[in-house]
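**Student:** Return a 3D structure for these sequence lines:
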Amino acid sequence: MFGFFIIILIIVFGGGLALLGDRVGMKVGKKRLTLFGLRPKYTSMIITVLTGFFIAGLTLLILTLMSEYVRTAIFELRNIQISLKTTTQKVNLLTKQMVKKEEEYNGLSEKHSQLQVQKEQIEEQLEKVRTEQQKVAKELEMKLKELAAKEKELQAKREEVKVNQERVANLSRIRIDLTNDIINKEAEISRYTQQIENLENRLMQLSDLSDKNQTLISKPMLFLVGEILTAKVVEPGIPADKVFETVIEPMLNEANKIAINRGARIPGKADYALRVTPQRVAEVCAQLSELKDKALVRVVVENNSVAEEPVTATIEVYPNEIVFKNGDVIAETQVVGKTPESTIRDHILSLLILANHKAIERGVDSEDLKDLLSVSEMVKLINEIKADPEATFKIQLVADGDIYRINQFKVKLNLKKM
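**Tutor:** Next comes the predicted model:
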């Protein structure tokens, strides 16, 4: 509003000055005044120009005095222009920077949007992963439970395998024992066969003294198959290199003395009459070095032996074990109460012989028959039988306690009325 006022004021003031100049010029022209010797025409023109200068100068002066804007426009316009140019350049630069920043901002905004989308995708994937983890955790828990169950089953299987291994070990030991028993039984069968042949030969000698038996008559029989020369209980834990020295050699020497004392001989050797295969000696030494418990070792005659001939023997090993349990019936027979006393006594003696024979067969260190039963026991049993002549009785010879191979062979009589 102030600007319009200045403009109006300048117009009015300029018009007034122009009118004043015109009046001065007209008066100068009318009076035909001259200035500096010039013609009135030129003088009028100079006065008019000077009046215009004066009007313009006075106008600028008044405007300058009245308006700060005019003073600035007149005196500081160049600086303002330079400053404006500089400012414009700065504005342009800042505008470019702002555009660049806006572009960067837009780029960042776009990246932010992309990152936001990626974040959402990652969150979705993370949620899926968490779901999968929970699922896997449940599956893992189930697997662990199954694994624990499998572990229990495996432990049970291990225990079963351990038991089976123990059974296999026991079966192996039983197999070894059975193998040894079979070998011993085969040897005993061979001896019994030889004994049968010997008995048949003796019967033939009694019935018909033929030339075939003259040799046996001329050389008396010293040992029969299966006869025990010596026996010994061996403790476990003997070193392998000491078995022969501490066990086998003393037993063979003792058996050799028995053979020599009865009249056996090896031609050309005056102090030795026993023959044992080195292979069997080595087998027995190895077997005795591996003992876990006591065992009975016997030197037994393998073949019939006559005077002036060597005695062929073998070594038998019987690991210690229960052969007869307490109360086991070893042998039995039946008699009637009216049977003669001598016959009943013969039956009892037959039972004793049979029981003693079974004990020897099974590797028990048997006693003499006279030591198995006392006379008083036999008399008592015979009296019980004779007390009821019409009754039938079963006489049993039973084990008196658990009998091991290294124990004394103890039996007792048991009488049952039928």
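**Student:** Tell me which helix or strand in the chain has the weakest average pLDDT.
**Tutor:** helix 214-218 (a mean of 44; mean pLDDT, DSSP states H and E).
**Student:** Any stretches of the stretch 151-300 of the chain with poor pLDDT?
**Tutor:** Within the stretch 151-300 of the chain, the ranges that satisfy pLDDT under 70 run 170-219.
**Student:** how about the strands in it?
**Tutor:** For the stretch 151-300 of the chain, the strands defined by DSSP state E, counting those that start in this stretch occupy 221-223, 228-234, 274-275, 295-301.
**Student:** So which of those strands is nearest Tyr105?
**Tutor:** strand 295-301 (104.1 Å; Cβ to Cβ). From N, CA and C alone the C-beta is placed, and that goes for glycine too.
**Student:** So which elements touch the helix or strand just after the closest one?
**Tutor:** Moving toward the C-terminus from strand 295-301, the next helix or strand (DSSP states H and E) is strand 305-306. The elements that strand 305-306 packs onto, with contact taken as 3 or more Cβ pairs under 8 Å, 6 or more residues apart in numbering; DSSP states H and E, are strand 221-223.
**Student:** Now do the buried residues in the strand it packs on.
**Tutor:** Applying a neighbour-count criterion of 16 or more other Cβ atoms under 10 Å, one finds 222-223 buried in strand 221-223.
**Student:** Pairing partners for it, with directions?
**Tutor:** strand 305-306 (antiparallel) (DSSP bridges).
**Student:** which stretches of the stretch 51-200 of the chain form helices?
**Tutor:** Counting by DSSP state H, counting those that start in this stretch, one finds helices in the stretch 51-200 of the chain at the ranges 68-75, 77-207.
**Student:** which strands and helices sit next to the longest one?
**Tutor:** Identification of packing neighbours for helix 77-207 by 3+ Cβ pairs under 8 Å, 6+ apart yields helix 214-218, strand 295-301, strand 311-319.
**Student:** same thing but at 7 Å, please
**Tutor:** helix 214-218, strand 311-319 (3 or more Cβ pairs under 7 Å, 6 or more residues apart in numbering; DSSP states H and E).
**Student:** and that helix with strand 295-301, angle?
**Tutor:** 40 degrees (axes from the mean of the first three to the mean of the last three Cα atoms, to 10 degrees).
**Student:** Give me the distance from helix 77-207 to the chain's centre.
**Tutor:** Averaged C-alpha coordinates place helix 77-207 at 15 Å from its chain's average position (Cα atoms, centre = their mean, to the nearest Å).
**Student:** quick one, that helix and strand 311-319 angle?
**Tutor:** Using the same axes, to 10 degrees: helix 77-207 against strand 311-319 is 140 degrees.
**Student:** Averaged pLDDT, stretch 342-349. What do you get?
**Tutor:** The average pLDDT within stretch 342-349 is 81.
**Student:** Return the set of buried residues in it.
**Tutor:** Buried, per 16+ other Cβ under 10 Å, within stretch 342-349: 344, 347-348.
**Student:** Now tabulate these in a markdown table and tack on secondary structure.
**Tutor:** Below are these laid out as a markdown table (DSSP: H, G, I helix; E, B strand; the rest coil):
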| residue | secondary structure |
| --- | --- |
| Ile344 | helix |
| His347 | helix |
| Ile348 | helix |
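**Student:** quick one: which of those residues is nearest Glu102?
**Tutor:** Using Cβ to Cβ, the buried residues of stretch 342-349 come closest to Glu102 at Ile348, 133.2 Å.
**Student:** Enumerate every residue touching that closest one.
**Tutor:** Residues in contact with Ile348 (Cβ atoms under 7 Å, 6 or more residues apart in numbering) are 378, 395.
**Student:** Please report the distance of it from Asn253.
**Tutor:** 38 Å (Cβ to Cβ, to the nearest Å).
**Student:** circling back to that earlier point, so which of the buried residues of stretch 342-349 comes closest to Leu20?
**Tutor:** Nearest to Leu20 among the buried residues of stretch 342-349, counting by Cβ to Cβ, is Ile348 at 192.4 Å.
**Student:** ok, back up a step: quick one, which of the strands of the stretch 151-300 of the chain is nearest to Thr72?
**Tutor:** Nearest of these (Cβ to Cβ): strand 295-301, 139.1 Å.
**Student:** To what extent is the nearest residue to Glu308 once chain neighbours are set aside buried, counted in neighbours?
**Tutor:** Distance criterion Cβ to Cβ, 6 or more residues apart in numbering; nearest residue to Glu308, sequence neighbours excluded, is Arg265 at 5.2 Å. Using other Cβ atoms under 10 Å, the number of residues around Arg265 comes to 17.
**Student:** again, but for Glu141
**Tutor:** 10.
**Student:** And for Tyr404?
**Tutor:** Using other Cβ under 10 Å, Tyr404 has 19 other residues around it.
**Student:** who are the neighbours in contact with it?
**Tutor:** Tyr404 neighbours (Cβ under 7 Å, 6+ apart): 320-323.
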